[in-house]
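Enquirer: Fold the following, please.
(2 chains)
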Amino acid sequence: MSNEDLPNIIAVDDDFAVRMAMDFMFKKWPEYNLILAEDAKDALVKLEERDYMMMFSDINMPEVSGLELLEIVKGKYPELPVFMLTSETDIQNSITAFRHGAMDYLLKPPTVGSIKGAIDKTVEYLEEKAEKEKIDMTDFKQMVENFSPEEMGLTKSGSKNTEFTKLVNVLQEKLIHPGKVGRVHNLFLLSKSGIVISNLSANEVEETDADILGGMFTAVKNFMEDAFSARSDSSLNDIQFGNFHITFASGAYSELAVVYTGIINQASEEAIADTLIAFELENMQILEKWDGDLSKLETASEYLEKLFTDIDKEKN
Amino acid sequence: MEGFDDDEWAEMQDLYINHTSKELKKISENLNLESIDFIRTFGHNIKGSGGMYGFDEVTQIGLQIEIAAKAKDLDTILSNLEDLESFLQSKR
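Expert: Residues are numbered from 1 along each chain as shown, chains lettered A, B, ... in the order given. Prediction:
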């Protein structure tokens, strides 16, 4: 594995002796790539150049202090775990560092044990965080897989149960922009297998979330086709989650999911169906044998942008 | 330092002595009140790093330099720089 593939750790200290000691320490841990910075300015440049797993920083540095650096770093990289290096006499600074978002502080001089302890603590924290996110999404996926009118309370009586509320809350968080005035919050163009061909969002849906949501939309769509096919009278299916709706248009090769709040009119419904038809007509030859290569369907985003404008321009 | 074997430790100490000697040379060539902040930082740093590399004498000298720099006492600084030079020479 080249250094480029290893988790990067940045250590900032104006004292060469500390940087040298850190360099020697990290020779013991080839599983990490240590980047050294001699002051805050140098650190900020290096932080721009790659992703980092964590940062060590001295507090007492000339020009820009470690605490000032911490504040800048937490503004730009809020998720980055930071450990401050401080002397016993700087305990007040250590408290300030903690308040400014440092994960912890280490007394100087750093030792093999204290640095390794901080790395292990960070790894543990990041694993727990990833696990938690995985659990959340696993639960979410399970909710989707278990999606049924009975379990979700989507019965004729309109009752709702806890599972439905949980699903609504997750979707609300991921799909609905709280400050948006218009109607459309998200547009997802999906393959029949649930791959996200293109996504246009008012809420900056993350790529990983978009993929899972793509799978969810397909599951919901399948459910809707099974559950409501008898009373469906158009190619659109619409389902309400709390205060928002998801409307699906179904084509020969793809699906279009529109997440919106309020009401959309007949013209908007037609625009959704027309958009999907136009997209499929233009790309029919590709879609027939599509291998998952998104670069072949780059025009999808243009269709979504136009549709977004068409529906969203009519404010409630 | 705890966690390093003898060879590593010896290499680290050599590098530290070399680096500190170079820094000392720079300081000695610019020993005046205009560079007092730089001198204070040097004292502060070797105060911290001396013990880290097993040289408690360096830590003591660093403390004296830091105190003297705060008081802008160039005579005491000079005297301590000479002590530091003798010590570093003895370790070469």
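
Enquirer: For the stretch 1-150 of chain A, just list every one of the helices.
Expert: Secondary structure of the stretch 1-150 of chain A (DSSP state H, counting those that start in this stretch): helices at A:16-27, A:40-49, A:66-76, A:91-99, A:112-145, A:149-152.

Enquirer: Between helix A:91-99 and the third one, find me the angle.
Expert: In other words, helix A:66-76. With axes from the mean of the first three to the mean of the last three CA atoms, to 10 degrees defining the directions, helix A:66-76 sits at 0 degrees from helix A:91-99.

Enquirer: contacting residues around helix A:66-76?
Expert: The contact list for helix A:66-76 (CB atoms under 8 Å, 6 or more residues apart in numbering or on different chains) reads A:12, A:40, A:43-44, A:47, A:55, A:57-61, A:64, A:80, A:82, A:84-85, A:93, A:96-97, A:100-102. All C-beta atoms are positioned from the backbone trio N, CA, C, and that covers glycine.

Enquirer: What's the mean pLDDT across it?
Expert: If you average the pLDDT over helix A:66-76, you get 93.

Enquirer: Render the CA-only coordinates of it in CSV, please.
Expert: C-alpha atoms of helix A:66-76 as CSV (Å, rounded to 0.1, in the frame of the first residue of the first chain):
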residue,chain,number,x,y,z
GLY,A,66,-2.7,26.5,18.2
LEU,A,67,-6.0,27.7,19.6
GLU,A,68,-6.5,30.0,16.7
LEU,A,69,-5.7,27.2,14.3
LEU,A,70,-8.1,24.9,16.1
GLU,A,71,-10.9,27.5,15.6
ILE,A,72,-10.1,27.8,11.9
VAL,A,73,-9.9,24.0,11.5
LYS,A,74,-13.1,23.4,13.3
GLY,A,75,-14.8,25.9,11.1
LYS,A,76,-13.5,24.3,7.9
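
Enquirer: list the contacts for the residue of chain B found nearest chain A?
Expert: Proximity of chain B to chain A (CB to the nearest CB) peaks at B:G3, 2.8 Å away. For B:G3, the contact set (CB under 8 Å, 6+ apart) comprises A:M25, A:K28, A:T111, A:V112, A:G113.

Enquirer: So which residues on chain B come close to chain A?
Expert: B:1-4, B:8, B:11-12, B:15-16, B:19-20, B:23, B:37, B:41, B:44-46, B:48-49, B:51-53 (CB under 8 Å from any CB of the partner chain).

Enquirer: rewinding a little: could you export the helices of the stretch 1-150 of chain A as JSON lines, including mean neighbour count?
Expert: Below are those laid out as JSON lines (neighbours: other CB atoms under 10 Å in any protein chain shown):
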{"stretch": "helix A:16-27", "mean neighbour count": "19"}
{"stretch": "helix A:40-49", "mean neighbour count": "16"}
{"stretch": "helix A:66-76", "mean neighbour count": "19"}
{"stretch": "helix A:91-99", "mean neighbour count": "15"}
{"stretch": "helix A:112-145", "mean neighbour count": "14"}
{"stretch": "helix A:149-152", "mean neighbour count": "15"}
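
Enquirer: still on that earlier bit, just the ones in strands from the residues of chain B next to chain A, please.
Expert: Using DSSP state E, no member of those falls within strands.

Enquirer: By neighbour count, sort out the buried ones in those.
Expert: Among the residues of chain B next to chain A, those classed as buried by neighbour count (16 or more other CB atoms under 10 Å in any protein chain shown) are B:1, B:4, B:12, B:15-16, B:20, B:23, B:41, B:44-46, B:48-49, B:51-53.

Enquirer: Quick check: the two most widely separated of those?
Expert: B:F4 and B:T41 (26.4 Å; CB to CB).

Enquirer: How far away from the center of its chain is the helix or strand of chain B with the lowest mean pLDDT?
Expert: Least confident helix or strand, chain B: helix B:36-52 with a mean of 90, by mean pLDDT, DSSP states H and E. Averaged C-alpha coordinates place helix B:36-52 at 6 Å from its chain's average position (CA atoms, centre = their mean, to the nearest Å).

Enquirer: what's the longest helix in chain B?
Expert: As assigned by DSSP state H, the longest helix anywhere in chain B is helix B:6-29.

Enquirer: how about the closest residue to A:E63 other than its chain neighbours, what does it touch?
Expert: Computed as CB to CB, 6 or more residues apart in numbering or on different chains, the closest residue to A:E63 that is not its neighbour in sequence is A:D39, at 6.5 Å. Contacts here follow CB under 8 Å, 6+ apart; on that basis A:D39 touches A:V12, A:D14, A:M61, A:P62, A:E63, A:V64.

Enquirer: any idea how far the third one is from chain B?
Expert: In this case it means A:M61. Using CB to the nearest CB, to the nearest Å, A:M61 is found at 9 Å from chain B.

Enquirer: Just give me the neighbour total for that residue.
Expert: Neighbourhood size, A:M61 [other CB atoms under 10 Å in any protein chain shown]: 22.

Enquirer: what does the last one give?
Expert: Other residues lying near A:V64 total 16 when counted by other CB under 10 Å.
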